[in-house]
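K.L.:
Sequence and predicted structure are below.
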Amino acid sequence: MSQQFVWRWFTISILCNIYTVVNSQNVTTCSAINSYVRVAAPSTIAKTLLSSQALFPPYTYNVEPTELVVLNSTIDGGICSGDIRTNITNKIVLIAPVHGECSYVEKVIAAQSKQARAVLLGNDVDAISVSPVPYSEVRDNETNLIYPSIPARMISYYDAHELAVAAWSDTVMIEFGCSEQVNVSEVLCVVDTSGDHWWLDGEYQLQSSVLHN
């Protein structure tokens with residue numbers, strides 16, 4: 001093994017290890033990037049969902065298992081107008097693409113105004129994928145910028161549909177959790193053993209109570 005190869009390997013190993021140590025603290029709240037969405041009940045659909053963080057506040061949170069509620073098109077006039085008659089107080093509200101044409105931020109703020117605990121947003125672009133929830137400016141009547149204060153995460157349209165169906169006949173409990181493992185790195189280090197190219201690569205979903213996946 002050449003001296004240059006050894007030095008490159010040592011450098012990238014240090015970088016990966018530093019990243020792991022920085023993210024190894026066990027806290028009651030965590031960064032939105034390190035959070036996950038878990039279906040805690042019913043047991044028939046219990047699992048960790050693919051999800052993505054919002055690119056707007058709050059940036060840290062931890063929501064214990066909380067009842068999920070789905071808007072009812074027969075009584076709710078529209079989330080964009082704030083005409084929400086379903087009781088969403090202290091609950092996680094599932095907002096599907098059909099629930100209004102306003103921005104994601106406006107939908108979260110509307111749910112917040114009705115004392116929702118958090119928001120799950122169904123992806124309106126792709127059925128099985130997710131992407132970070134984009135930020136868009138929202139202003140009050142005095143043109144001041146306003147921001148959400150409750151957590152929001154995107155899940156796939158497929159998962160949103162499955163949760164909505166389940167919620168009509170059962171109590172669905174959702175958690176916005178943080179990893180209980182103390183040495184979990186968000187980086188996968190992939191090394192080309194030829195020593196010519198190096199990558200910090202990999203994309204995976206943090207799982208609850210799973211040591212490897």
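P.N.:
Looks like it came in fine.
K.L.:
hey, where'd the strands end up in the chain?
P.N.:
30-31, 35-41, 47-49, 51-53, 60-61, 63-70, 92-95, 118-122, 152-155, 173-178, 188-191, 198-201 (DSSP state E).
K.L.:
what about the ones you listed, which gets the closest to E106?
P.N.:
Nearest to E106, of all those, is strand 92-95, at 10.6 Å by C-beta to C-beta. Every residue, glycine included, has its C-beta placed from N, CA and C.
K.L.:
Show the secondary-structure elements that the closest one is packed against.
P.N.:
strand 63-70, helix 104-113, strand 118-122, helix 157-169 (3 or more C-beta pairs under 8 Å, 6 or more residues apart in numbering; DSSP states H and E).
K.L.:
Could you rerun that using 6 Å?
P.N.:
strand 63-70, strand 118-122 (3 or more C-beta pairs under 6 Å, 6 or more residues apart in numbering; DSSP states H and E).
K.L.:
picking that back up, columns distance to A111, mean neighbour count and mean pLDDT on top of the strands of the chain, output as a markdown table?
P.N.:
Below are the strands of the chain laid out as a markdown table (distance: least, C-beta to C-beta, whole Å; neighbours: other C-beta atoms under 10 Å; pLDDT from 0 to 100):
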| stretch | distance to A111 | mean neighbour count | mean pLDDT |
| --- | --- | --- | --- |
| strand 30-31 | 22 | 18 | 92 |
| strand 35-41 | 16 | 21 | 96 |
| strand 47-49 | 19 | 17 | 96 |
| strand 51-53 | 17 | 21 | 96 |
| strand 60-61 | 15 | 18 | 96 |
| strand 63-70 | 10 | 18 | 97 |
| strand 92-95 | 5 | 26 | 96 |
| strand 118-122 | 5 | 24 | 96 |
| strand 152-155 | 8 | 26 | 98 |
| strand 173-178 | 14 | 22 | 96 |
| strand 188-191 | 35 | 14 | 52 |
| strand 198-201 | 36 | 12 | 49 |
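K.L.:
Kindly reformat the helices and strands packed on strand 92-95 as JSON lines containing distance to P57.
P.N.:
JSON lines is the format used below for the helices and strands packed on strand 92-95 (distance: least, C-beta to C-beta, whole Å):
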{"stretch": "strand 63-70", "distance to P57": "15"}
{"stretch": "strand 118-122", "distance to P57": "13"}
